[in-house]
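> got a structure for you, letters missing:
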């Protein structure tokens, strides 16, 4: 099953982006590759939607950016989590798990 | 290139958002393309696929740009606020370092705004306060203009009013009213009060309700003498009867007759002439009882006495239509009764307290003068503030130069200075508003303390527009001149400022000091103009006819009485009067005594004019009766002596003038000037009782005296002896060489002796009796004085500030001079010289300006020319002294400069 709309459930993209930055800084393309790899190509997106989401996250100070150089000597904008972002990620993840569990139960009920 | 090696925490200072977003997105595409190419696609295919995967690039880019812009905006705002807070703190610290400057500036602005606005509001209220009742714009007054007879003040007669009421359509109600002096009492206690006789529909016109009981209705106005009812005003009820609700139904003795209180008017209701609150309202039909001067002539067409005809318009009628109908009615009246040939009735909307067609132009003139004064004071304030700011700015030039050199942006610096200026200006502004409110409250509190029974129904309030105007003007000035230093600084100046050894930077650019000098000189000049204007007015009002009523009111006791209250009549009354006069004249200290039915400038004067027939002149048609009118006054002998009115020709009344068979009269100069200018009129005869007489012989001519208003033009009057025309209501006037109030007990004793039932209406000094008439002029005098003082204080303060600075500038120089042997006195003289130069130039300009400016005033000045030497001299003296004083204090400081300190001073 391929899921083509990452934002099927509201806010999922942002959560995913935050998660993607758990282990250090990444630029947009790297983030996208991570999403594809981790999800085994299940999540396919219009790649362009990543960037507005990233900028919004930055506007709210969950992530911060700076310009750096890629391995190929190109200029890229690298993002990483802020403290606030880390906390947000943790909280949102917990909520998500709880939500999914509860809702799954609801759906399973006859 | 090296940008990319910057450490993580370096943020680009001015990011170009669009470019960054583009770079970011482009990279993504590039990387995808690289991947795809690596996995075998051709570059073209790779690019197509990459674009496909990416999605709508434009949307993405625009979204990102939008988001980033908003973020940046937010950050900027926060930063700005932080910076501003910092600036404010810094500004406050700096200001606190020079407390003197701050205090002076703030006070100047505050005074300018506060007092100026208060005075303006005061005057504004008096002149233009709108009448305080509902539908005020539907209420109109009708004035009578008689183009032929300019000297008398034409009033309506009661039949005239009735005619208009009955024939002119367009009024919901047309009422009439007139002020009357009432003696009111219960049991033994009597007091004089002002009230009105009103037509039955009077209260209907104003659509007002009674707060207790009921008001007068048309049913109370049907038959003469049949409606002894009275309505009290709210304020009178509160103050005199403590708001006692049982007042309704009680009996009051009014002018000797019993009236029943039927109700109390609502709070704040003050009739149509709100400047003077009426305490009582009595129906028109009771005039024969309470107003003997009109008495039984209520329906006499030629007796004009009604002050006011006021009505409420129907909602579908406008003024023009009404005027047309009025004219029509007047035409009707003319054709029926020829005395109205020169008559004209004019309807006018009530626009405020004082608004008869005659007084309007005068009022506007006064308003213009006041506005100019306010404007001038404001100018001085602005000049003051400008000066102070400029001076301050100069002391900071060095500091600013250093700041600029260290790299502070000009913008930031300007903002800093602006904030400081704003702090000062706003503080001054707040203080000013507070001052203004305080002054207005003070006025409101003082007003009821006025020492007479009359209550002025004014509530003063701040005029918001004026306040806003002066506030902004002062604040603007503060800002403009606060910015001066930053705007002045240029590159070369900076170097010069840095190089100078003087702690205050150079003494200012040439332009700067010129500006300063100009400001201070113009301040002096403007003050001069203001003070001269004020001075001229004061002199005019004090010296001239305006404050001179034509008779001497000091040292005179006035006891007013109504003999009908003591059951005297035409037969018995005169002997009481005679006894009283005779015995009082015998008292030690009494120089003269007399009786007067209508004391000049008191409230008893009826403006009711009577027809005048002069013996020997061609009889005139009744249609010309308007041209043949005269005011009358009934007095005893000795009146002119008591009031200090010179007898120009002939004689006073005397004992020979008792009998009615040979009636006599005395006329005043105005009368002679009008009818027989330059001639000897003694022996001529006139009649006020009709063509058939009886004719009274003129036996004397006296000087003209003011009767109704201080500002009135000379009014012809014929005096008649009370012995021949008995009137039970009269005032006993006693001129004494000692304080009149000291005579009072003895005088009363005598009167009680003659009749133990004697009860006076009122006892006071003549001065206090007429003080109400004098009030407007006193107010004007006071007001101009206030303005003048305000101007003086402001100028002094400004001068002081500037002189202090200038002297401070030269401290080093003085130190050197003293060190090389100059005497302290010489230093003092140097400073004085500088101050004198300013002063003299300022005075010079001021005199020229004043001469030009006060030409416009000459219309309002009585007996004082606009180039009156005394005024100019006096003002110059005062202003000059103040200026010199302002110079002296800093000069003293200069004198005491320790040369060692000065030389070292950096």
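Cool, got the structure. The structure presented is a predicted model; accordingly, all values stated were derived computationally and were not measured. Residues are numbered from 1 along each chain as shown, chains lettered A, B, ... in the order given.
> measure stretch B:245-257 end to end?
23 Å (Cα to Cα, to the nearest Å).
> correction: the previous question concerned stretch B:282-299.
Counting by Cα to Cα, you get 18 Å between the two ends of stretch B:282-299.
> now that stretch: mean pLDDT?
The pLDDT scores in stretch B:282-299 average 82.
> stretch B:46-66 now?
Mean pLDDT, stretch B:46-66: 89.
> and what of stretch B:118-125?
Mean predicted lDDT for stretch B:118-125 stands at 72.
> ok, now stretch B:430-443?
82.
> do stretch B:77-97 as well
Rounded mean pLDDT across stretch B:77-97 is 87.
> flag every buried residue along it.
Of the residues in stretch B:77-97, those buried by neighbour count under the rule 16 or more other Cβ atoms under 10 Å in any protein chain shown are B:87, B:91, B:94-95. Backbone N, C-alpha and C define where each C-beta goes, glycine included.
> just how off-centre is it within its chain?
Relative to its chain's centre, stretch B:77-97 lies at 42 Å (Cα atoms, centre = their mean, to the nearest Å).
> likewise for stretch B:870-884?
26 Å.
> what mean pLDDT does it have?
Mean pLDDT, computed over stretch B:870-884, is 82.
> what's it in contact with?
Residues from elsewhere that reach stretch B:870-884 (Cβ atoms under 8 Å, 6 or more residues apart in numbering or on different chains): B:524, B:527-528, B:531-532, B:535-536, B:539, B:792, B:795-796, B:799, B:832, B:835-836, B:838-839, B:842-843, B:846-847, B:850, B:864.
> sorry, back to before: closest to chain A out of the buried residues of stretch B:77-97?
residue B:87 (26.5 Å; Cβ to the nearest Cβ).
> residue contacts, that closest one?
Contacts were defined as Cβ under 8 Å, 6+ apart; by that measure residue B:87 touches B:415-416, B:419.
> highest neighbour count among these?
residue B:416 (21 neighbours; other Cβ atoms under 10 Å in any protein chain shown).
> ok but residue A:85 is inside a helix, no?
Yes - counting by DSSP: H, G, I helix; E, B strand; the rest coil, residue A:85 is found in a helix.
> now do the nearest residue to it once chain neighbours are set aside against residue B:63, distance only.
Take residue A:85 and drop its neighbours on the chain: the residue closest to it by Cβ to Cβ, 6 or more residues apart in numbering or on different chains is residue A:62, 3.6 Å away. Computed with Cβ to Cβ, to the nearest Å, the distance linking residue A:62 and residue B:63 is 17 Å.
> what about residue B:593, which SS state?
Secondary structure, three-state DSSP: residue B:593 is strand.
> repeat for the one 5 residues further on
Residue B:598 carries the three-state label coil when classified by three-state DSSP.
> still on that earlier bit, just name the closest of the buried residues of stretch B:77-97 to residue B:812, please.
Nearest to residue B:812 among those: residue B:94, at 24.0 Å, using Cβ to Cβ.
> gap between whichever strand or helix holds the closest one and the chain center?
In this structure, residue B:94 sits in helix B:57-97 according to DSSP states H and E. With Cα atoms, centre = their mean as the basis, helix B:57-97 stands 49 Å off its chain's centre.
> which one among the contacts of residue B:87 gets closest to residue B:402?
Nearest to residue B:402 among the contacts of residue B:87: residue B:416, at 13.5 Å, using Cβ to Cβ.
> you'd agree residue A:79 is in a strand?
Yes - counting by three-state DSSP, residue A:79 is part of a strand.
> residue A:62 and residue B:63 - which one has more neighbours?
Neighbours per residue, other Cβ under 10 Å: of residue A:62 and residue B:63, the larger number sits with residue A:62, 24 against 19.
> quick one, what contacts the more buried one?
Contacts for residue A:62 (Cβ under 8 Å, 6+ apart) come out as A:18, A:81-82, A:84-85, A:88-89.
> change it to 7 Å
Residues in contact with residue A:62 (Cβ atoms under 7 Å, 6 or more residues apart in numbering or on different chains) are A:18, A:82, A:84-85, A:88.
> for it, grab phi and psi.
Torsion angles at residue A:62 (phi, psi; degrees, to the nearest 10) stand at phi -80, psi -30.
> that one and residue B:60, how far apart?
20 Å.
> what's the answer for residue A:93, then?
As judged by Cβ to Cβ, residue A:93 and residue B:60 stand 27 Å apart.
> who has more neighbours, these two?
Between residue A:93 and residue B:60, counted using other Cβ under 10 Å, residue B:60 has the larger neighbour count: 23 against 13.
> of all the buried residues of stretch B:77-97, which comes closest to residue B:751?
Among those, and counting by Cβ to Cβ, the member closest to residue B:751 is residue B:95, at 71.1 Å.
> that closest one and residue B:423 touch, don't they?
Yes - taking Cβ atoms under 7 Å as the definition, residue B:95 is a contact partner of residue B:423 at 6.4 Å.
> contacts for stretch B:716-723?
The contact list for stretch B:716-723 (Cβ under 7 Å, 6+ apart) reads B:151, B:574, B:577, B:595, B:597, B:630-636, B:653, B:657-658, B:664-668, B:670-671, B:674, B:686, B:688, B:696, B:707, B:730.
> what's the answer for stretch A:82-102, then?
With contacts defined as Cβ under 7 Å, 6+ apart, stretch A:82-102 is touched by A:15, A:18-19, A:61-64, A:81.
> try it again with 8 Å
With Cβ under 8 Å, 6+ apart as the criterion, stretch A:82-102 contacts A:11, A:15, A:18-19, A:21-22, A:57, A:61-64, A:81.
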